[in-house]
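Trainee: Quick one: sequence plus predicted model below, questions after.
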Amino acid sequence: MADHPNAELLKKGYAAFASGDMPTVTELFAEDVVWHVTGNNQLSGTHRGREAVFAAFAKSAELTGGTFKIDVHDVVANDVHAVALTRATASRQGKQYDAMDTDVYHVSGGKVTEFWSFAEDTKKADEFWS
């Protein structure tokens, strides 16, 4: 059985992010995308618009010296939403991060319009990113 088109969109996006193919990531995000990151750290908050989201991506790369990685365990989707179950890893200032996340996407017209990230352990994430 073929994956739902919104599941394929997310898989394409995660693969592009992993390979540094930001033009493809750009193509998959609505210009006015809204990106919500839980917690209380340097990356937390609501980022509005592609430029703000990409600035958050750049910040995560800068803070981790490019070690931030996301492995996708599964993606499920319907006509409006897609959910990715992921494992995030990174190292920073002698600290290691390894956590399961749930990423929820709102998709419209073949573009990601809104995103919510839920870390397995928000305190652990805050300690790493702060």
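Mentor: Perfect, I can see it now.

Trainee: Sketch out the low-pLDDT regions of the chain for me.
Mentor: Along the chain, the model assigns pLDDT under 70 to residues 1.

Trainee: Which residue ranges of it form helices?
Mentor: 5-19, 22-28, 50-64, 122-129 (DSSP state H).

Trainee: Now render those helices as TSV, adding distance to D79 and mean neighbour count.
Mentor: Using the backbone N, CA and C atoms, a C-beta is placed for each residue, glycine as well. Below are the helices of the chain laid out as TSV (distance: least, C-beta to C-beta, whole Å; neighbours: other C-beta atoms under 10 Å):
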stretch	distance to D79	mean neighbour count
helix 5-19	7	17
helix 22-28	16	14
helix 50-64	23	15
helix 122-129	30	17
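
Trainee: In CSV: those, plus distance to L43.
Mentor: Converted to CSV, those look like this (distance: least, C-beta to C-beta, whole Å):
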stretch, distance to L43
helix 5-19, 15
helix 22-28, 17
helix 50-64, 6
helix 122-129, 5
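
Trainee: Figure out which of those helices is closest to E114.
Mentor: Judged by C-beta to C-beta, the one of these that comes nearest to E114 is helix 50-64, at 10.7 Å.

Trainee: returning to that earlier point: of the helices of the chain, which approaches D103 most closely?
Mentor: Set against D103 and scored by C-beta to C-beta, the helices of the chain come closest in helix 5-19, at 8.2 Å.

Trainee: re earlier: show me the one of the helices of the chain that comes nearest K95.
Mentor: With C-beta to C-beta as the measure, helix 122-129 is the member of the helices of the chain nearest K95 (5.7 Å).
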